[in-house]
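Colleague: Here is a sequence together with a model predicted from it:
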Amino acid sequence: MAKVTDDVDRRTYEDAVSYFRENGFDVLEAPGTQKRVFIKKYNVSAAIQPDEDGFVTLFARPGYLIGGEISKLIDRGYQ
């Protein structure tokens, strides 16, 4: 994963979770884990967790929900 430069304004994990809750996202704790949450709105979801510095990192990239699972677009070159 690419390293984030210092000139980017990064949110702490707690700030990000608060932001999502205040802006109408469903924030669901990931089962069996601590400090991992699924963010959901308009049938699209992603999952975040804190990194070692307390900032946000993705552990599941955003995707459309199909059957309760986050889908992943696959480009096989012939679309």
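Modeller: Looks like it arrived, so ask away. Numbers count the residues shown, from 1 in each chain.
Colleague: Show me which positions of the host helix or strand of residue 48 end up buried.
Modeller: Counting by DSSP states H and E, the element that carries residue 48 is strand 44-50. Neighbour-count burial for strand 44-50, counted by 16 or more other C-beta atoms under 10 Å, picks out 45-50. For glycine as for every other residue, the C-beta is placed from the backbone atoms N, C-alpha and C.
Colleague: Run me through the strand neighbours of it, direction for each.
Modeller: strand 37-41 (antiparallel), strand 56-66 (antiparallel) (DSSP bridges).
Colleague: what is the rounded mean pLDDT of the longest one?
Modeller: In this model, strand 56-66 has a mean pLDDT of 88.
Colleague: so what does the helix or strand just after it touch, helix or strand wise?
Modeller: As assigned by DSSP H and E, the chain's next helix or strand after strand 56-66 is strand 69-70. If contacts are counted by 3 or more C-beta pairs under 8 Å, 6 or more residues apart in numbering; DSSP states H and E, strand 69-70 sits against strand 44-50, strand 56-66.
Colleague: As TSV, these with distance to residue 19 would be great.
Modeller: Output for the helices and strands packed on strand 69-70, formatted as TSV (distance: least, C-beta to C-beta, whole Å):
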stretch	distance to residue 19
strand 44-50	11
strand 56-66	10
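Colleague: and residue 15, which of those strands is closest to it?
Modeller: Shortest distance between residue 15 and the helices and strands packed on strand 69-70, using C-beta to C-beta, is found for strand 56-66: 8.5 Å.
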